[in-house]
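1. need a 3D model of the sequence below.
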Amino acid sequence: MARPQLSEKIKQEIIRLWILGFPRDDIAQDTKTSGGSVNNVVDKWKKNLDKGEADILRELGKLIRSLGLSPSEYAA
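-> This is a model prediction of the structure:
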């Protein structure tokens, strides 16, 4: 039996959490998906970007999170 498609809202949340540096299993738990689904969403998103850009965004997100800031606070 095929799994239902993930909504765009869930996919966006997966990408947001991944950019902020959260581990795959935490993202899967928070979005009520599987680790494989998280990998698939992130891999598909990365294919639409230059891989270097995706990695830079993730490193920036991890830095923001380690400083205890939200993305909106960092942008201000």
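
2. and G35, what is it in contact with?
-> By Cβ atoms under 8 Å, 6 or more residues apart in numbering, the contact set of G35 is R24, D25, A28. For every residue, glycine as well, the C-beta is placed using N, CA and C.

3. which of those residues are buried?
-> Taking 16 or more other Cβ atoms under 10 Å as the criterion, what is buried in the contacts of G35 is R24, A28.

4. what about K9, how many neighbours?
-> K9 has 9 neighbours, counted by other Cβ atoms under 10 Å.

5. low-confidence stretches in the chain?
-> For the chain, residues meeting the criterion pLDDT under 70 lie at 1-3, 51, 70-76.

6. 90 instead, please
-> 1-4, 16, 18-22, 45-76 (pLDDT under 90).

7. what ranges do the helices span in this structure?
-> 8-19, 24-31, 35-47, 51-66, 71-75 (DSSP state H).

8. any idea which of the contacts of G35 is closest to S66?
-> Comparing the contacts of G35 against S66 with Cβ to Cβ places R24 closest, at 18.2 Å.

9. wait, what's in contact with V42?
-> Applying Cβ under 8 Å, 6+ apart, the residues near V42 are I14, I15, W18.

10. could those be laid out in a markdown table, adding neighbour count and distance to D55?
-> Below are the contacts of V42 laid out as a markdown table (neighbours: other Cβ atoms under 10 Å; distance: Cβ to Cβ, whole Å):
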| residue | neighbour count | distance to D55 |
| --- | --- | --- |
| I14 | 25 | 17 |
| I15 | 19 | 14 |
| W18 | 22 | 11 |
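
11. quick one: these as JSON lines, columns for distance to K32 too.
-> Shown next, in JSON lines, are the contacts of V42 (distance: Cβ to Cβ, whole Å):
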{"residue": "I14", "distance to K32": "11"}
{"residue": "I15", "distance to K32": "16"}
{"residue": "W18", "distance to K32": "16"}
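
12. let me know the closest of those to L6.
-> For the contacts of V42, the closest approach to L6 (Cβ to Cβ) belongs to I14, at 7.8 Å.
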